[in-house]
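# Next one to model:
(chains A and B)
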Protein chains: 2
Amino acid sequence: MKNFYIAKSRRLRSTPYTSRIENQGVTAYTIYNHMLLPASFGNLEKEYFHLKEHVQVWDVAAERQVQITGKDSSKLVQLMTCRNLLKAKIGRCYYAPIIDEQGRMLNDPVALKLGENRWWLSLADSDIGLYAKGIASGLGLQVQITEPDVNILAVQGPKSFKLMEKVLGKKITELKFFGFDYYSFKGNKFLIARSGWSKQGGYEVYVENREAGQSLYDELFLAGKEFQVEPGCPNLIERIESALLSAGNDFDSGDNPFECGFDKYIDIKSDINYLGKKALIKISRDGIDRKLMGVLLDSNKVEITEEIPLHNGENLVGSLRSAAYSPNLKKVVGIAMIKKEYWDKKTSIELKVGEKKSKGKLCDLPIV
Amino acid sequence: MKNFYIAKSRRLRSTPYTSRIENQGVTAYTIYNHMLLPASFGNLEKEYFHLKEHVQVWDVAAERQVQITGKDSSKLVQLMTCRNLLKAKIGRCYYAPIIDEQGRMLNDPVALKLGENRWWLSLADSDIGLYAKGIASGLGLQVQITEPDVNILAVQGPKSFKLMEKVLGKKITELKFFGFDYYSFKGNKFLIARSGWSKQGGYEVYVENREAGQSLYDELFLAGKEFQVEPGCPNLIERIESALLSAGNDFDSGDNPFECGFDKYIDIKSDINYLGKKALIKISRDGIDRKLMGVLLDSNKVEITEEIPLHNGENLVGSLRSAAYSPNLKKVVGIAMIKKEYWDKKTSIELKVGEKKSKGKLCDLPIV
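Predicted structure coming up:
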């Protein structure tokens, strides 16, 4: 695949860390929520092994927050997601698929309950703030909806715990997965969650003060030398193996949350009220005829820019939506939407890209 | 400024023309509505002069459509825009700023009335389909909101009229500015508007059938040889000189339509109903204290990735949001948000980027 430059502009927003990562050797960006999100520092495979062994600091400011406050804030958040958030606790993160009235996926944010009437939705790539504004205006809800200037730094990898303890103190090691709390560094308070877009462990620092965040960024590299800290970014190979689904890649607004395997985040039994509930009840009753599965291909390279059909002989099995070569498994790993009649994992599959054919098989998610 | 690659993926959608423009030498992309939008074919200044003299074919599929149909469709479209669309006619395009309840800019699409109950909003870069879905769900409107697979080809430049006449017949030359109608090519019907994101004249072809669109694309290059046709894209220099505002660059959701100079598209006097009307009435009564203006700088280069302050001596005059060197004017041309006390065009201004200072002055929009 040929390489193309990104034409920067104000519309593709820079982050408080952009000048730092550019000095540190970022080579490629993607755009996410109208913002620069680093995609590589030049060697995806090297970054993959490093992430699994050491610790990386990521500029993931592009995970933008929709802040919803006001008396009807919890009502509005619940209206947007099929996950039951009635008993949500302050200080906890909730993976919360957002759907439309037809029960189709619009986003899969992490919802943070900051107070009884204060929520953040830490977004995947779509303007959910506009959805929230539309619903609120239509229903006349008493809420304020904003995009606060929060710019997340992620610290990911097995040594993230040691590094964060060194910089922020012992207490941070007590934070449970998907919990968050406030921690101090040089007199500034940071909301830090134990979360992140890898399965290698770590934290996300929700930076609310740009200068304080830059200072923390620099300190993480200084203090992290002994842990072989490197700059990094969500790693395509690792996130596919770990089945961290990517909105817009693995699913889009043509798919419903059952097809994405989000069953445990769907409440159709209690009496909570959300848009699309009727549609999900119907889908649940009828059953789905396709779902996301893992794919292993005997190939050393696949580049995906649109979904690619997978075949079994003459028959269409499904379509591949994300893929990367795993230097660990020595195969291409992928995520694909697979038709029901082929869910049996013994199905052998074939991918054809141009003249090149690759054979492979289906597998469960996560792959590793 | 260093160059960075774009990391392609399914999420950054390709268009039906992507393989063609890549063969034709596109060098840089921006991302617009989650889709690849070509930004340069290697020489912005050469492309600028060519656009002003000949004809170009542009892949602007990233101008996505929100289709709104159903009995309440006109009501919903009117709710989103401050422009009075009560008397909108089928077959006409309407530049229609979309605002939120606080009267802030969310998008500035061209609205096409396709039928009594069928509209397209040809979007700038934000997910207005989600805003529409939210409002419709909140109010229980009877509408269907979709993103049809429409992939616009623009034919722009002074020779576009000759080229389109040659390919589509004499009738297309009778189309008035911002009118649209259906025209046939090789047995396929195309919705074609006399519009486009340049002031050099031309058409936008709303392609609804991918293969037919590719065939038309190829024909435009074959038939266009005698008119020196070239592939192109919205040209940063030309669009700044012509004051074709770019949502996300020149304005964003922190600005209101009066500040953007959209006064003639704002109806606060009749009894139409739209979100944000109360806010706009208040703004109109209070007056605005800043607005978008043109900027001319004695410099041969400015690259904008965030807004840059403009000074007059020690005083902050405003901020520069878009800029490019104009080989025509031999100056940097720009669009800036300027504080009221400096609207007098005799104000001299200074821009400082790093250690480099440039002097200049304010001017009206459009610049040329």
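# Return the set of residues that bridge with A:Trp58.
A:Ala154, A:Gly232 (DSSP bridges).
# these two touch, right, it and A:Leu153?
Yes. The pair A:Trp58 and A:Leu153 passes the contact test of C-beta atoms under 8 Å, sitting 6.9 Å apart. The way it works is simple: take the backbone N, C-alpha and C, and place the C-beta from them, glycine included.
# who's more crowded, these two?
A:Trp58 (27 against 24; other C-beta atoms under 10 Å in any protein chain shown).
# Let me see the confidence value for that one.
On pLDDT, A:Trp58 comes in at 98.
# Equivalent analysis for A:Lys356, please.
88.
# who touches it in this structure?
The contact partners of A:Lys356, taken as C-beta atoms under 8 Å, 6 or more residues apart in numbering or on different chains, are A:Ser299.
# Get me the contact residues on the stretch 101-250 of chain A for chain B.
A:101, A:106, A:125-128, A:130-139, A:147, A:246-249 (C-beta under 8 Å from any C-beta of the partner chain).
# which of those residues are buried?
A:101, A:106, A:125-128, A:130-139, A:246-249 (16 or more other C-beta atoms under 10 Å in any protein chain shown).
# and the strand ranked longest in chain A, what does it pack onto?
Looking across chain A with DSSP state E, the single longest strand is strand A:315-326. Of the remaining helices and strands, those touching strand A:315-326 by 3 or more C-beta pairs under 8 Å, 6 or more residues apart in numbering or on different chains; DSSP states H and E are helix A:44-53, helix A:236-241, strand A:290-297, strand A:308-312, strand A:331-339.
# what are the ranges of the helices in chain A?
A:18-23, A:44-53, A:73-80, A:128-139, A:160-168, A:210-223, A:236-241, A:277-286 (DSSP state H).
# Is the second one in proximity to chain B?
Think helix A:44-53. No. Under the criterion of C-beta under 8 Å from any C-beta, helix A:44-53 makes no contact with chain B; the nearest approach is 9.5 Å.
# roughly how far apart are the residue of chain A found nearest chain B and B:Ala136?
Closest contact between chain A and chain B, by C-beta to the nearest C-beta, is at A:Gly138 (1.8 Å). Going from A:Gly138 to B:Ala136 by C-beta to C-beta, to the nearest Å gives 7 Å.
# check contacts around the nearest residue to A:Asp125 once chain neighbours are set aside.
The spatially closest residue to A:Asp125, leaving aside those adjacent along the chain, is A:Tyr32, at 4.7 Å (C-beta to C-beta, 6 or more residues apart in numbering or on different chains). Applying C-beta under 8 Å, 6+ apart to A:Tyr32 gives the contacts A:62-63, A:125.
# Closest one of those residues to B:Lys345?
Taking C-beta to C-beta as the measure, A:Ala62 is the one of the contacts of A:Tyr32 closest to B:Lys345, at 38.6 Å.
# If you tally nearby residues, what's the number for that closest one?
A:Ala62: 24 neighbours (other C-beta under 10 Å).
# Who are the contact partners of the nearest residue to the residue of chain A closest to chain B once chain neighbours are set aside?
Spatial nearest neighbour of A:Gly138, excluding adjacent residues (C-beta to C-beta, 6+ apart): B:Gly138 at 1.8 Å. Applying C-beta under 8 Å, 6+ apart, we find B:Gly138 in contact with A:134-139.
# now with 6 Å?
Each residue near B:Gly138 by C-beta atoms under 6 Å, 6 or more residues apart in numbering or on different chains is listed here: A:135, A:138-139.
# That one and A:Ser326: what is the separation?
45 Å.
# go on, A:Ser9?
35 Å.
# Could you do A:Gln67 as well?
38 Å.
# before we move on, what about A:Glu116?
45 Å.
# between the two, who's got more neighbours?
A:Ser326 (20 against 10).
# Settle this for me: that one is touching A:Val333, isn't it.
Yes. Under the criterion of C-beta atoms under 6 Å, A:Ser326 makes contact with A:Val333 at 4.7 Å.
# How many neighbouring residues does A:Asn3 have?
12.
# Okay, and the beta partners of the nearest residue to it once chain neighbours are set aside?
For A:Asn3, ignoring the flanking residues on the chain, the nearest one in space by C-beta to C-beta, 6+ apart is B:Tyr5 at 4.8 Å. Here B:Tyr5 sits in beta bridges with A:Tyr5, A:Ala28, going by DSSP bridges.
# How about A:Ile192?
A:Asp181, A:Val205.
# need the contact list for it.
So A:Ile192 contacts A:183, A:203, A:205 (C-beta under 6 Å, 6+ apart).
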